[in-house]
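In: No sequence on hand, only this structure:
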């Protein structure tokens, strides 16, 4: 059965720290991996990764994919309290409805 | 970017009643929409895939007669929770696949918190 596993499930750090969130996956026909940030309601899109080794970057956030080892990491540097959220990783397969299969999420809390 | 509107944001109903939730893509056409359910502190669980003009595809364990999905146009999908019971209380969120270069991304509605008394 396809699955997406995120770790850690919960993380509490101080403002200014750097965090690394992990996402490993086992799917039959991998197409892409997406990261979302969910604060109160709707998840908002962060990154989409399709190729190994190419870092995507947006401000203090960056992400990279390893298709050989089947995982992705999301890095956040110089964390701020506004980074507190649930970070969701999802994988899309080729074919069919291309539905997203989500991991359990990582609940990140940034303390001032 | 693509905008998905979901209404209502919150609904409280009595046990046995039916509740309809609407999901609209505002600035793009969405041939495929997805309905998710999320329990507190848990991830998103896919309930069904809604295809414009055809029957929805339900995930294993989701009762299609309980959760009616209609996708009558390219911009609107509805989820009706029929004969709601307290165990149906949850956060329901819809999403739509983007178009063009965004067609591998999902854009989410703001969700509906359903409370069944």
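Out: Nice, I can see it. These numbers come from a predicted model, not from an experiment. Numbering: from 1, shown residues only, chains lettered A, B, ... in the order given.
In: near chain A, which residues of chain B?
Out: Counting by Cβ under 8 Å from any Cβ of the partner chain, chain B comes close to chain A at B:1, B:4, B:6, B:9, B:32, B:34, B:41-46, B:49, B:51, B:57, B:93, B:95, B:97, B:104-111. Yep, even glycine has a C-beta here, placed from its N, CA and C like the rest.
In: What subset of those residues is buried?
Out: B:4, B:6, B:32, B:34, B:43-44, B:46, B:49, B:51, B:57, B:93, B:95, B:97, B:105-109, B:111 (16 or more other Cβ atoms under 10 Å in any protein chain shown).
In: re the thing from before, now, which of the residues of chain B next to chain A lie within strands?
Out: Among the residues of chain B next to chain A, the members found in strands (DSSP state E) are B:4, B:6, B:32, B:34, B:44-46, B:49, B:51, B:57, B:93, B:95, B:97, B:106-108.
In: so where is chain B shaky, pLDDT-wise?
Out: B:1 (pLDDT under 70).
In: Mind pulling up the pLDDT for the residue of chain A found nearest chain B?
Out: In chain A, the residue that lies nearest chain B is residue A:42 (4.1 Å; Cβ to the nearest Cβ). Looking at residue A:42, its pLDDT is 84.
In: Now do the residue of chain B found nearest chain A against residue B:13, distance only.
Out: As assessed by Cβ to the nearest Cβ, chain A sits closest to residue B:108 within chain B, at 4.1 Å. Going from residue B:108 to residue B:13 by Cβ to Cβ, to the nearest Å gives 23 Å.
In: residues in chain A within reach of chain B, list them.
Out: A:31-32, A:34, A:36, A:41-45, A:48, A:88, A:90, A:92, A:97-105, A:107.
In: which residues touch residue A:112?
Out: Going by Cβ atoms under 8 Å, 6 or more residues apart in numbering or on different chains, residue A:112 touches A:14, A:15, A:81.
In: Nice, that's everything, thank you.
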